[in-house]
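Asker: Kindly return the folded structure for what I paste below:
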Amino acid sequence: MKIFLRTSGLIILAISILLLSSCATDPIPEPQPEPEPPKEVVKEEPKPEYIEVALRDAGLIGQKIWMNEGSAKEENLVVWNKGEGFASLGIGHFIWYPAGQEGPYTETFPQLIRFLQQKGIQIPAWLETTPDAPWKSFEAFNFNKDGPQMTELRTLFLNSIPYQVQFIIQRLEQALPQMLNTLPMPAQREHVFQQFYRVVEAPNGIYALVDYVNFKGEGINSNERYNGQGWGLLQVLGNMPGNTSNVMAEFANAADTVLKKRIQNAPPERVESRWYEGWKNRINTYTY
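Answerer: Residues are numbered from 1 along each chain as shown. Got it, this is the predicted structure:
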């Protein structure tokens, strides 16, 4: 009996040691986090073919726009034209108004800055806290033209030319549906749609569309009117007869007509005829 008890005790002791040893060498596994559900892949809508072509040729288009706006000169990346109430900045002379000042033209510079930030371009720190142009007038702008802010702006524009072109091309991409939505009659919408694509398919046509929408806008802003008449891309396409074989001559002639009407309708004190020669030279580049 004693032998049996001793043997049983030894067996129980051995089992206990084994259990303790097992506990020591096999830690309790930590709970694992539940796997995240698979993220939904958002497919980007394919871009129209003419936008793909514009992006492919962005370098050439950008150089042409910079030449049109500022003779492709670095000092003309940051300007304020006499007689105007805003700064014109970058290769596209994007408009920036001072605080409290409104004008008839669409302000595009703040949109450009947001676009550059979205693309990961580092902008001067002061721009992040300066929603309005810090210069109140042509005189104040020119007094500071060699200051640190101006230098930083010129450097930003020189280093971001491809992105500025992308910004302008994006504006064209959005232009056609915006223009069509403003037209009440189906016949008007059909005419503008057909002229748009006639120009797209013509030699030099995509450059002309990109340049003009940056130059004079879409033509849908109700503030961009003199005597109720606009001068944007919508008005140019609407003035194309659509019945000749020389599409780009049609487009340039329609642009010339629209800009002449703008000069006639402008307030006399603006003396907009002083700009006509430059405008004419610009639209002539659409035909060659």
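Asker: The helix or strand hosting Y207 packs against which elements?
Answerer: For Y207, the host element (DSSP states H and E) is helix 205-216. Taking 3 or more Cβ pairs under 8 Å, 6 or more residues apart in numbering; DSSP states H and E as contact, the helices and strands that helix 205-216 lies on are helix 49-56, helix 58-70, helix 161-181, helix 186-200, helix 233-239, helix 247-265, helix 276-284. Backbone N, C-alpha and C define where each C-beta goes, glycine included.
Asker: where's the fifth one relative to the chain centroid, distance-wise?
Answerer: I take that to be helix 233-239. On the basis of Cα atoms, centre = their mean, to the nearest Å, helix 233-239 sits 22 Å off its chain's mean C-alpha point.
Asker: Mean neighbour count, the helices and strands packed on helix 205-216: which tops it?
Answerer: Each of these was scored by mean neighbour count; the highest is helix 233-239, a mean of 25, by mean count of other Cβ atoms under 10 Å.
Asker: Residues touching it, excluding its own?
Answerer: Outside helix 233-239, the residues that touch it by Cβ atoms under 8 Å, 6 or more residues apart in numbering are 175, 179, 182, 188, 191-192, 195-196, 199, 209, 212-213, 216-220, 229, 251, 254-255, 257-258.
Asker: which regions of the chain lie under the pLDDT threshold?
Answerer: Within the chain, the stretches falling below the threshold (pLDDT under 70) are 1-45.
Asker: Would you mind measuring the gap between the ends of stretch 232-247?
Answerer: Distance between the two ends of stretch 232-247: 18 Å, counting by Cα to Cα, to the nearest Å.
Asker: In contact with the one residue sitting closest to the centre of the chain, which residues?
Answerer: The residue lying closest to the centre of the chain (Cα atoms, centre = their mean) is F167, at 2.6 Å. Neighbouring residues of F167 by Cβ under 8 Å, 6+ apart: G92, Q111, L112, F115, L116.
Asker: Which one (most neighbours) among those?
Answerer: Highest neighbour count within the contacts of F167: G92, with 26 neighbours (other Cβ atoms under 10 Å).
Asker: Hmm, M67 and that residue touching each other?
Answerer: No. Proximity of G92 to M67 does not meet the contact threshold set by Cβ atoms under 8 Å, at 11.8 Å.
Asker: what about G230, neighbour count?
Answerer: Look at G230: counted by other Cβ under 10 Å, it has 25 neighbours.
Asker: And it, its phi and psi?
Answerer: phi -90, psi 180 (degrees, to the nearest 10).
Asker: Skipping its backbone neighbours, what lies nearest it in space?
Answerer: Nearest in space to G230, with sequence neighbours left out and distances taken as Cβ to Cβ, 6 or more residues apart in numbering, is G219 at 4.5 Å.
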